[in-house]
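S.K.: Coordinates for the following, if possible.
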Amino acid sequence: MRRPSWKQAAAGAALLGTGAALVGHLRYRSAMAEAGRLHAAIGTPRQETEERFDPAEVAGLPEVARRYFAHAIAPGTPLFSVALIEMEGRFLLGDRDKHQLYTMKAREVIRQPDEFVWLLRLTSGVMTVSGSDGLAEGKAWTRFWVNGTVPVAQVSTSPDMVRSAGFRGAAEAAMWLPSTLLPRNGAEWEQAGPDQARVTIRGGGHPVTLVLTLGPDGAVREVVGQRWSNANADKQFRLQPFGGTVSAERRFSGFTVPSEVMMGNHFGTEDYLPFFQARITGISYR
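M.R.: Here you go, the predicted model:
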């Protein structure tokens, strides 16, 4: 039997490569369709919003909490439980010593206390990274592909992933869905300093405690908490600081929320990299 020529071998390799790309793309489309389904599912409130904010509800809270709510929620605002967010900005892949900058566009849905689905698209030159990150129906995941074919992050649900994602969902609900921080929703407030509050959010799998630093007007300036994460040199899950700063804010439907943020792992340490640098371009509430 004749051995194949180099041209035949090259053609065969190309065919195999095309087949692998097709399989990768089909898996990508299937995963994105599932993320889209979950995005729609948690975009539906568990019940219709009927209650509206009355400042008397928080009159007994510490001063820093009253200051926050006087700024964050206008009297009479419906106490929405779902936020649909549009964002853009920059995303840094890597660590403090070595990372690559991407342009980011994303949309996200958050349902209190900690469910979310984040649909992301990053671009750098001709390279595109897209996929989703989320916690919904009790499961967490991270799934991203290069150019819709090559998987670069495929992490399925586990207790560690659920706990880590629960921190993210609760922290982002605290920033962009201020009704999450009302005592009626299980939030507990403690004055931690003249301009600092320690807020514990309950209702998910693990309580999440955040330290909020406020301005004199009650605007959020800094958010930090201990996240269960393996984003460290040992690649081991453990509690470590995650947080960042707020440089601007906007009002949407009676809520005044951070609109420009820089966030990352190891906040407050020499390893901090603000990999998430987002500008909120729109929020609608349900």
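S.K.: Please enumerate the strands of the stretch 101-250 of the chain.
M.R.: 115-124, 127-136, 139-146, 150-155, 188-193, 196-201, 208-214, 220-229, 238-252 (DSSP state E, counting those that start in this stretch).
S.K.: Could you tell me which residues make contact with the residue lying closest to Ala192 once chain neighbours are set aside?
M.R.: Using CB to CB, 6 or more residues apart in numbering and skipping the chain neighbours, the partner closest in space to Ala192 is Arg198 (4.4 Å). All C-beta spots, glycine's among them, are computed from the backbone N, C-alpha and C. Neighbour list for Arg198: Trp189, Glu190, Gln191, Ala192, Thr209, Leu210, Val211 [criterion: CB atoms under 8 Å, 6 or more residues apart in numbering].
S.K.: quick revisit: out of the strands of the stretch 101-250 of the chain, nearest to Arg29?
M.R.: Within the strands of the stretch 101-250 of the chain, the stretch nearest Arg29 is strand 139-146; the backing value is 9.9 Å (CB to CB).
S.K.: Run through who's touching the closest one.
M.R.: 24, 28, 31, 35, 120, 127-134, 151-158, 161-162, 164-166.
S.K.: Look up phi and psi at Phe53.
M.R.: Backbone torsions of Phe53, given as degrees, to the nearest 10, read phi -70, psi 130.
S.K.: isn't it right next to Phe80, touching?
M.R.: No. At 10.2 Å, Phe53 does not count as touching Phe80 under the criterion of CB atoms under 8 Å.
S.K.: any shared contact partners between the two?
M.R.: By CB under 8 Å, 6+ apart, the residues touching both Phe53 and Phe80 are Ser179.
S.K.: sorry, back to before: just put the contacts of Arg198 in TSV and tack on distance to Leu181, neighbour count and pLDDT.
M.R.: Compiled in TSV, those are given as follows (distance: CB to CB, whole Å; neighbours: other CB atoms under 10 Å; pLDDT from 0 to 100):
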residue	distance to Leu181	neighbour count	pLDDT
Trp189	8	22	98
Glu190	12	15	98
Gln191	14	14	98
Ala192	15	15	97
Thr209	12	16	98
Leu210	9	22	98
Val211	13	18	98
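S.K.: Make CSV out of the residues you listed and add distance to Pro75.
M.R.: As requested, the contacts of Arg198 are exported to CSV (distance: CB to CB, whole Å):
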residue, distance to Pro75
Trp189, 19
Glu190, 25
Gln191, 23
Ala192, 26
Thr209, 28
Leu210, 24
Val211, 27
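S.K.: ok, these vs Trp176, which is closest?
M.R.: Nearest to Trp176 out of the contacts of Arg198 is Leu210 (CB to CB; 13.2 Å).
S.K.: residue contacts, the closest one?
M.R.: By CB under 8 Å, 6+ apart, the contact set of Leu210 is Ala170, Ala171, Ala174, Arg198, Val199, Thr200, Ile201, Val223, Val224, Gly225.
S.K.: Please pick the buried ones from the contacts of strand 139-146.
M.R.: 24, 28, 31, 35, 120, 129-134, 157, 161-162, 164-166 (16 or more other CB atoms under 10 Å).
S.K.: related to what we said a few turns ago, out of the strands of the stretch 101-250 of the chain, the one nearest Gly76 is which?
M.R.: Taking those one by one with CB to CB, strand 238-252 is closest: 13.6 Å.
S.K.: Check which residues of that closest one are buried.
M.R.: The neighbour-count check on strand 238-252 (16+ other CB under 10 Å) flags Gln240, Pro241, Phe242, Gly243, Gly244, Thr245, Val246, Glu249, Phe252 as buried.
S.K.: Tell me, how many residues neighbour the residue nearest to the first one when sequence neighbours are not counted?
M.R.: If I follow you right, that is Gln240. Spatial nearest neighbour of Gln240, chain neighbours left out: Ser229 (5.6 Å); criterion: CB to CB, 6+ apart. For Ser229, the neighbour count with other CB atoms under 10 Å is 20.
S.K.: Going forward, count from 228.
M.R.: Done: numbering now begins at 228, and the last item shifts to Ser456.
S.K.: can you pull the pLDDT of Ser456?
M.R.: For Ser456, the pLDDT comes out at 97.
S.K.: swap in the one 10 residues further on?
M.R.: As summarised for this prediction, Leu466 has a pLDDT of 98.
S.K.: distance of the closest residue to it other than its chain neighbours from Val473?
M.R.: Among residues not flanking Leu466 along the chain, Gln453 sits closest, at 4.4 Å (CB to CB, 6+ apart). To Val473, Gln453 is 19 Å away according to CB to CB, to the nearest Å.
S.K.: again, but for His298
M.R.: His298 is 12 Å from Val473, by CB to CB.
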